[in-house]
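Q: Sequence first, then the predicted structure, then my questions.
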Amino acid sequence: MRKFIFLLMLLPMTVMAQSNTFGYFRYTKVMEQLPEYAQAVKEYSELKKRCDTEIARNEEELTRAYVAYLDGQNEFPEPILRKRQKELQELVDKSILFREELTSWLATAQDSLMAPLRAKIDDAVGRVCMHNNLAYIIDLDNAGYKFINPTCGFDITNALLGTLGITAVEQKSDEQENATTEQ
């Protein structure tokens, strides 16, 4: 029984030893190459512009109410002054809530615009992984890897682009990118 348990414990190590190659890529580089990406960014920009316009209109309304309050502050009797203060505070609270709701809605809209693109990339990642018999694939944009040994893994960006039907772009190595960025 102990030997059986020992063998079961060794099985994952054996599987990992057999398949120690992995792929890596930068998610944003692939995403930006998708033809649908430009359209999604354009739609998001239009939505953001409309929301920014609404927020600006809301803030102008709040500013007008505040200026009106300040102009009449010395002339209002105490009960009206308190009422105006309360109305102004409610307007401020509504304005803050409105901004938060629009910001949240924009984030949701952006996620829903990008979701089909992410699903497309994720599907291509799976196909490239299976086709190249890779143990796993690392997204360099979202992982905190300081160093990846290129003898154990390889960049699959061009393979992903090919799987997605996009002509592969010339890639710079990370060292070339860093040298270019530092200059």
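A: Received, thanks.
Q: show me where this protein has helices.
A: For the chain, the helices defined by DSSP state H cover 2-18, 27-33, 35-72, 78-131, 157-163, 174-182.
Q: okay, those helices, which one's buried deepest?
A: Among the helices of the chain, helix 157-163 has the highest mean neighbour count (mean count of other CB atoms under 10 Å), at a mean of 19. Placement of C-beta: from N, CA and C, glycine included.
Q: can I get the helices of the chain in a markdown table with mean pLDDT and distance to Tyr145?
A: Shown next, in a markdown table, are the helices of the chain (pLDDT from 0 to 100; distance: least, CB to CB, whole Å):
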| stretch | mean pLDDT | distance to Tyr145 |
| --- | --- | --- |
| helix 2-18 | 46 | 18 |
| helix 27-33 | 92 | 13 |
| helix 35-72 | 92 | 25 |
| helix 78-131 | 92 | 17 |
| helix 157-163 | 88 | 15 |
| helix 174-182 | 41 | 10 |
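Q: Just give me the residue right at the centre of the protein.
A: Asp111 (7.6 Å; CA atoms, centre = their mean).
Q: And stretch 107-125, how far out from the chain middle?
A: 10 Å (CA atoms, centre = their mean, to the nearest Å).
Q: ok, now stretch 142-155?
A: Worked out by CA atoms, centre = their mean, stretch 142-155 lies 21 Å from the chain centre.
Q: Would you indicate which residues of that stretch are buried?
A: Buried residues in stretch 142-155, counting neighbours by 16 or more other CB atoms under 10 Å, are found at Ile148, Gly153, Phe154, Asp155.
Q: From one end of that stretch to the other, what's the distance?
A: 15 Å (CA to CA, to the nearest Å).
Q: Now do that stretch: everything it contacts.
A: Residues from elsewhere that reach stretch 142-155 (CB atoms under 8 Å, 6 or more residues apart in numbering): Asn20, Thr21, Phe22, Gly23, Tyr24, Phe25, Tyr27, Ile138, Leu140, Gln171.
Q: Could you rerun that using 6 Å?
A: With contact meaning CB atoms under 6 Å, 6 or more residues apart in numbering, stretch 142-155 is reached by Phe22, Tyr24.
Q: just stretch 49-62 next, same as before
A: Leu91, Ser95, Phe98, Arg99, Leu102, Leu106.
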